[in-house]
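[1] The sequence and its predicted three-dimensional model are supplied below.
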Number of protein chains: 4
Amino acid sequence: MPSLDPPGLLDPLFTTERMRALTSDGAFVQGMLDFEAALARALARAGIAPAAEAEAVVAACRAEGYDLAALARAGAAAGNPAIPLVQALGERVAAAHPGAARWVHLGATSQDAMDTALVLALRGALAAFDEGLTRLAAALARLAAAHRDTLLAGRTWLQQAAPTTLGLKVAGWLDAVTRHRERLGEARRRALVVQLGGPVGTLAAYGDAALDLPRHLAAELGLSAPDLPWHAHRDRVAEVAAVLGLLTGTLGKIARDVALLMQTEVGEAFEPDAPGRGGSSSMPHKRNPVAAAVVGAAALRAPALVATLLGAMVQEHERGLGGWHAEWEALPELLRVADGALAQIISVVEGLEVDAARMAENLSASGGQLLAGAVAAALAPRLGRARAHAAVERASRRAREERRPLAEALAAEPEVRGALSRAELDRLLDPRAAAGAAPALVDRLLGGGER
Amino acid sequence: MPSLDPPGLLDPLFTTERMRALTSDGAFVQGMLDFEAALARALARAGIAPAAEAEAVVAACRAEGYDLAALARAGAAAGNPAIPLVQALGERVAAAHPGAARWVHLGATSQDAMDTALVLALRGALAAFDEGLTRLAAALARLAAAHRDTLLAGRTWLQQAAPTTLGLKVAGWLDAVTRHRERLGEARRRALVVQLGGPVGTLAAYGDAALDLPRHLAAELGLSAPDLPWHAHRDRVAEVAAVLGLLTGTLGKIARDVALLMQTEVGEAFEPDAPGRGGSSSMPHKRNPVAAAVVGAAALRAPALVATLLGAMVQEHERGLGGWHAEWEALPELLRVADGALAQIISVVEGLEVDAARMAENLSASGGQLLAGAVAAALAPRLGRARAHAAVERASRRAREERRPLAEALAAEPEVRGALSRAELDRLLDPRAAAGAAPALVDRLLGGGER
Amino acid sequence: MPSLDPPGLLDPLFTTERMRALTSDGAFVQGMLDFEAALARALARAGIAPAAEAEAVVAACRAEGYDLAALARAGAAAGNPAIPLVQALGERVAAAHPGAARWVHLGATSQDAMDTALVLALRGALAAFDEGLTRLAAALARLAAAHRDTLLAGRTWLQQAAPTTLGLKVAGWLDAVTRHRERLGEARRRALVVQLGGPVGTLAAYGDAALDLPRHLAAELGLSAPDLPWHAHRDRVAEVAAVLGLLTGTLGKIARDVALLMQTEVGEAFEPDAPGRGGSSSMPHKRNPVAAAVVGAAALRAPALVATLLGAMVQEHERGLGGWHAEWEALPELLRVADGALAQIISVVEGLEVDAARMAENLSASGGQLLAGAVAAALAPRLGRARAHAAVERASRRAREERRPLAEALAAEPEVRGALSRAELDRLLDPRAAAGAAPALVDRLLGGGER
Amino acid sequence: MPSLDPPGLLDPLFTTERMRALTSDGAFVQGMLDFEAALARALARAGIAPAAEAEAVVAACRAEGYDLAALARAGAAAGNPAIPLVQALGERVAAAHPGAARWVHLGATSQDAMDTALVLALRGALAAFDEGLTRLAAALARLAAAHRDTLLAGRTWLQQAAPTTLGLKVAGWLDAVTRHRERLGEARRRALVVQLGGPVGTLAAYGDAALDLPRHLAAELGLSAPDLPWHAHRDRVAEVAAVLGLLTGTLGKIARDVALLMQTEVGEAFEPDAPGRGGSSSMPHKRNPVAAAVVGAAALRAPALVATLLGAMVQEHERGLGGWHAEWEALPELLRVADGALAQIISVVEGLEVDAARMAENLSASGGQLLAGAVAAALAPRLGRARAHAAVERASRRAREERRPLAEALAAEPEVRGALSRAELDRLLDPRAAAGAAPALVDRLLGGGER
């Protein structure tokens, strides 16, 4: 029932239309009806229900026909929306085909319908995430390749530390994204199973067909059949949540990097510009990192939503009290938030504006201070680690105090002069050399050959 | 725009209509417009804007006139919904009264409008919580008084431990609720302040009137004026969240207690019955604790939402990136979840069905085992703590093994017989005496005098 | 340095000695020294350092020789303990073999040593978890097989719902544990990689040997080499945390089940007894579910610790500020808590005391009410779902009100009588039949063939 | 027993010595013994125990005499350390004064001792926090006053937005700290109460003295007496946690601000320097923001610890299972983390190095772009909001593209020229004027009078 859940005021900002649709009330009701339809057909496959009567059930399983507002009200009393939905479905089938109504929901429990509907939503969601990650990975690979050699200051603890390349930074993002794709695949394999157990998971209503019913149901829905009903074992669901939490953490890291690069005082890379994007109600000159804000918010929210799902795993006996209910809004929320973040990062990576000149400028702004480590590392085998470190630290301090290039201060330092020739020193102070294996690492990751 | 946010499928189960309305998109947009209207009047009070022009702004500040779907879309690009709302308001004012549009949003920033709208929502929400807690406290006081002397097994670690009264159990709930009312009052005093600072909190556009503007604005809205703009200092908001987290924890504790009492094997107290309530799609005999499920879910979700708000407090410089945005959906969610839980607990406490006979039955089912502690405590001054404990433990074990009353086993235990007369023992094994000060504690809490 | 971290007051309660040792300060320092030793040998493998000098470094890499209290103090100033450790190591090597000191930590950064030490701890921890889960799975399989047919009330929403068998309940626990073993294996494959990148991950100090060094290092330590340094990409670490959070959720579920079964009023299963176990300082008769308390606490703490690790993933640029530091105590805490919970559950499952007679007694205590669902399911194909449900609900209510067996009330119900013969009804009301496919599901899971 | 818990490797980095001591195992055992001593004296006050025998108990209540390692082991079996401690105390008293042992722990339960010990630790901790916040507030007030007029770029969304003063930024920090002091005072008033109820909170062992005993106990310990025992109502404890979570959020915000200001590319303010502080094992030139890292880590960990305490509030019946146990390590952890963060921020604020020249330089680096908002605000009343915004946006864009000062671009913009005189424009583009009420807001907050 799309009319029950139009986009909210903040939805276009925080999520995607596809994930909103997949997690909508209408989709959830349809998912439960898909379960009921598939169950009817499974009963027919098992020889329990006549095929024609099963089809009469199937025919009534279209969400359009149901009054979701009424389901919402009745579900509040009953404790879940499946109870009134099954009742309404039964009435509808009975009206159209009196004999068929007896097969409606036969042997199932509310949670069978709701969990299977959830799994159907997860199927769509995981496909969407996989598609998004594939697209993101492609964009990252292009960006890493394009900037394989683009020098910028590597920063640690928010301090310039040593040169690296933008390619390596982006390759790091890509490498993590690749692992998330693996994890999503593994979680999907475990998660996409039907739920069918009846009240306490014994499949008691199905007699000799008990072990077959879940397989028939799974076949109807294109899902797998689990070894056991899993009503009170929520690790499959919580695992999906955890993987989305991991993914959102990486997206948050990318967003933080971009936001920091986009600072007025840094100015090295920018979210793509677009009319009306990132404006300000009071400051005409500003260009706000909207994507970074959205993704940053997601990275703050996702961990707590994962914690909710993990905490909710403690479910009592055959079907729990409260834990299951805690999932109903928290998991869709996480799906929405994570996909919103993913879409924002895709747009940022696909449209990232890079100011390589500013990167070079910032890299040299300190007069070469961030090359100190390279010199110390080169000196260490000659002077020993402690003496090398101390000599370079002295030169670095002097250069800062006297506001002159590190190269001059190093050249003036007797210990350094004794150990390194001017040519060696010049080579060490060349940022390109100082970026070390950054380009080679990019090449290897992108499959461009290893040295 | 109520049409943008009708109740979702799960809203009637998980929240209240009043809190849904207070946290709706329509209410939020109206809150921002209330800010804009009040700002215009504050500008007039300060002699900056002509009163008639301010009123022209005010006249346009009715949410009904705005297209929330369009705001949602434009807000996604802009980064927040205030930017397109202010623009639409400006256009509307300009159309009706060209001279007045210049005062729209003057000197303010998006966050001024959004935060003040949030505070207006919190005002309504905190009033609703206070009303709910007042009602809950009254119901708890009645219930505690009615069951001042109703004996039941006190349970620790989910084991019967010693007798208490239902009155004392309920008084414990009441005592906690009373503290939450205090906390809400303290949080409210700090939280209900306007936000007005302009882009970076310097009130720069108001010249000499800068310090007066927030006061005028606060007076218009019936809020307080803060000492400083607080854009990047979210402790006020997070404190409200924390207090709701604390409250929900107590509600969860009450719900857990009721759910445990309601277990088939315990059967001492029940959520109120109602047609269609707590049914099952598969088990006609069942009566599910729906309130306990809803409140249990809330108690699982609230801590994570509080953690989100706390984690989001780390906001950069004058206005942050991501942290603020993380609040937008998380705080309303918490308000909804907490009020849903409160309403459920009110209905449970107001309608709790108590089976005092079953309580008495369960109390004696163990043959008096749960009075062992009282006997040990009485023996300790005579035999010493260790000997007393050991003697009673022996008798307790024997009674369990031989399935006979503890009284008999104790009477057969020489150490006990030597230290306590039969009359003393009988008194100690009277559950009413063993409930100790439970009734007196209830009386004192309810103000019925102290013994 | 074992003297720095003896067991704390609560350690024997909340964790295991093995995990305490693996996560001890002494082990961590040794882990960093193992990194330094392996780096020296890797430099020798790469032809950078002479083998004899590398061995001089190796010789100094024994934690016993270091003053951990001094490292702790110096690490507080420096920002991490690797900095003073590397310095002390350099001094020690210099004293023993002056020429060798220059190779100490060459080209590495503090985080290389600390992350690799963390991975070494994770290797031990994951092996311990795998061993524990293997043992738990075996115990669960035995228990499920032994109680394949032991009937007890299946409970949903904390209400008796329908019969099941203890074997199926335990099989459900086993099924989840099996999935956790899979997940741990997958996480381990990704997580057990060395860290080596130097200051910003460019391996800049190693010249042409840059891509080889991590492989040599990995070979020395028996770990894998990653595609890229991963200083600011913490998904590997957070994934391990997430999997432990999932595992702890399942352990918490098992503990909750046992604690509920162990309630005085239920009394169906018990944690194993032992002298001094679960006593009470005030109640000689009590036997507290200590394991359930410990595991319950773990299940409350683990989700938050996972959330910390997920939230900490947002790490800036090449090496982050704060996020990395948040892991240092949170991850060991999670390892300790999770292993403590695992050990408790192993002991519970291996020694679970089952009172099958009490299970049967509780199952029949309601006069067969919990068989109502089975009857309704059987009637549905004959009467239609709604009529069947209503007829059984009527009988169930009447039986409860009149305190007589459900069988009688059903037999008196005309609709039921018309649809089911007495023999059919008797069969439906036999709890063994009502447990449906429970035994067959157990068999299938345990590999004992499918029926 | 200090020997049981020396500082760990990371303690000097992450916490303070005072909080480590207050939360040490030795302090906790002493706290339980303080409870036992005070209980003995309370029994004497109530006329239950002879004074001399009570004093014999008191004499044995010195933690030095107890073997904490043995308590740890025995506590693991018993389920808590109070049980073996009470037993050891009883033995010790019995050995010294046989008649006195019978009063040991009389009528109390383990949780009475443990909770009161916790409250005694909280008393010390809250005093420490109050002292720390007092000191921090003083330092902040001095810093705000000193930099009342020091101009720097106000930044929103990590973009330069408009000028402000460092004084106002620091005043914002102070304002939040002041609210936290209020909150801590309110929480303290509720939290510092004894726990005494006996097994199920009925004070059953004390006969007519039941209501007096908690008061006597409280008087002995310098705490308050609660209206009711609160074993399963943890809101007092969780509130302290929540307030520390709020405080840590603000500390995290301050740390983030400082870390951002300290970036190489910004360089406006710095953590105080000290020998060995913030060094790098690989980069001699670096000066890492160690305090920001520690506080950032605290701000990531505290929300989760608060969530743990909130989640743990759902405690069953008279004394819970698992929830209480979840507090035992989580709350001390939070106290340690929060005080570590507080101490770091105190040192940062007391020693902050401010580079006002760099602030001025960064402020003008954009050629006045961040004054665009002020000009737009001034134009709005003359041109209307939309035209003003558009005109300034045009000029701002042109200035950026042509890399010239905003002033020139504005002067060239016909709409601007028509509305503002050059003198007006110059005044608007003076950053000092553009900082608006910043100095006045500082004055008002510091009590230096209101303008």
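    Looks like it arrived, so ask away. Numbering: from 1, shown residues only, chains lettered A, B, ... in the order given.
[2] Give me the pLDDT value at A:M313.
    Turning to A:M313, the model gives it a pLDDT of 98.
[3] Which phi and psi values does the residue nearest to it when sequence neighbours are not counted adopt?
    The shortest distance from A:M313 to any non-neighbouring residue, by C-beta to C-beta, 6 or more residues apart in numbering or on different chains, is to C:G249 (2.9 Å). In this view, the C-beta of every residue, glycine as well, is placed from N, C-alpha and C. When read as degrees, to the nearest 10, the backbone of C:G249 gives phi -60, psi -40.
[4] from what I can see C:G249 touches C:R301, true?
    No. With contacts counted by C-beta atoms under 8 Å, C:G249 stays clear of C:R301, the gap being 11.6 Å.
[5] And these two? Which one has more around it.
    Each of C:G249 and C:R301 had its neighbours counted (other C-beta atoms under 10 Å in any protein chain shown), and the higher figure belongs to C:R301 (33 against 28).
[6] check contacts around the closest residue to A:A376 other than its chain neighbours.
    Setting aside the residues directly before and after it, A:A376 is nearest to A:V392 in space (C-beta to C-beta, 6+ apart), at 4.2 Å. Counting by C-beta atoms under 8 Å, 6 or more residues apart in numbering or on different chains, A:V392 makes contact with A:372, A:375-376, A:379, A:410, A:413, A:416, D:284-285.
[7] just A:I48 next, same as before
    A:103, A:106, A:206, A:209, C:381.
[8] Among the residues you listed, which ones are in strands?
    Members of these lying in strands (criterion: DSSP state E): none.
[9] any idea which of those residues has the most stuff around it?
    Sorting the contacts of A:I48 by how many neighbours each has (other C-beta under 10 Å) puts A:W103 first, at 27 neighbours.
[10] That one touches A:E55, doesn't it?
    No. With contact defined as C-beta under 8 Å, A:W103 does not reach A:E55; the gap is 10.4 Å.
[11] Between those two, which contacts overlap?
    Shared contacts of A:W103 and A:E55, defined by C-beta under 8 Å, 6+ apart, are found at A:A40.
[12] In the stretch 251-400 of chain A, where is pLDDT below threshold?
    Counting by pLDDT under 70, the stretch 251-400 of chain A shows low-confidence ranges at A:279-284.
[13] got the residue ranges for the strands in it?
    Counting by DSSP state E, counting those that start in this stretch, the stretch 251-400 of chain A has strands at residues A:269-270, A:353-354.
[14] Of those strands, flag the one that's most buried.
    Each of these was scored by mean neighbour count; the highest is strand A:269-270, a mean of 20, by mean count of other C-beta atoms under 10 Å in any protein chain shown.
[15] Give me the distance from that strand to the chain's centre.
    A distance of 22 Å separates the C-alpha centroid of strand A:269-270 from that of its chain, computed with C-alpha atoms, centre = their mean, to the nearest Å.
[16] How about that strand and chain B, any contact?
    No. Using C-beta under 8 Å from any C-beta of the partner chain, strand A:269-270 never reaches chain B; the gap is at least 14.2 Å.
[17] Partner strands of that strand and their direction?
    Note on strand A:269-270: by DSSP bridges, its sheet partners are strand A:353-354 (antiparallel).
[18] what's the residue closest to the geometric middle of chain A?
    Among the residues of chain A, the one closest to the centroid is A:L247, at 3.5 Å (C-alpha atoms, centre = their mean).
[19] Could you check which helix or strand contains it?
    Per DSSP states H and E: A:L247 is located in helix A:235-261.
[20] Give me the helices and strands touching that helix, please.
    Contacting helix A:235-261 under the criterion 3 or more C-beta pairs under 8 Å, 6 or more residues apart in numbering or on different chains; DSSP states H and E are the following elements: helix A:110-146, helix A:166-191, strand A:269-270, helix A:290-311, helix A:323-351, helix C:166-191, helix C:235-261, helix C:290-311.
[21] Go again with 7 Å.
    Contact analysis of helix A:235-261 by 3 or more C-beta pairs under 7 Å, 6 or more residues apart in numbering or on different chains; DSSP states H and E lists helix A:166-191, helix A:290-311, helix A:323-351, helix C:166-191, helix C:235-261, helix C:290-311 as its packing neighbours.
[22] What residues sit buried inside the fourth one?
    By that I understand helix C:166-191. In terms of neighbour count (16 or more other C-beta atoms under 10 Å in any protein chain shown), helix C:166-191 has its buried residues at C:166-181, C:183-184, C:186-188, C:190-191.
[23] between it and helix C:235-261, how big is the angle?
    Between the axes of helix C:166-191 and helix C:235-261, defined by axes from the mean of the first three to the mean of the last three C-alpha atoms, to 10 degrees, the angle is 170 degrees.
[24] Check whether helix C:166-191 comes near chain A.
    Yes. For helix C:166-191 and chain A, the contact criterion (C-beta under 7 Å from any C-beta of the partner chain) is met by C:168, C:171-172, C:175-176, C:179-180, C:183, C:186, C:190.
[25] What is the nearest of these to A:L136?
    C:R190 (18.9 Å; C-beta to C-beta).
[26] wait, isn't that closest one in contact with C:A238?
    No. Using C-beta atoms under 7 Å, C:R190 and C:A238 do not qualify as a contacting pair, with a distance of 10.9 Å.
[27] Averaged pLDDT, stretch A:223-234. What do you get?
    If you average the pLDDT over stretch A:223-234, you get 98.
[28] Show me the contact partners of that stretch.
    The set of residues that contact stretch A:223-234 without belonging to it, under C-beta atoms under 7 Å, 6 or more residues apart in numbering or on different chains, is A:111, A:119, A:192-197, A:201, A:214-215, A:218, A:236, A:312-313, A:315, A:317-320, A:327, C:171-172, C:175-176, C:250, C:253, C:441, C:444-445.
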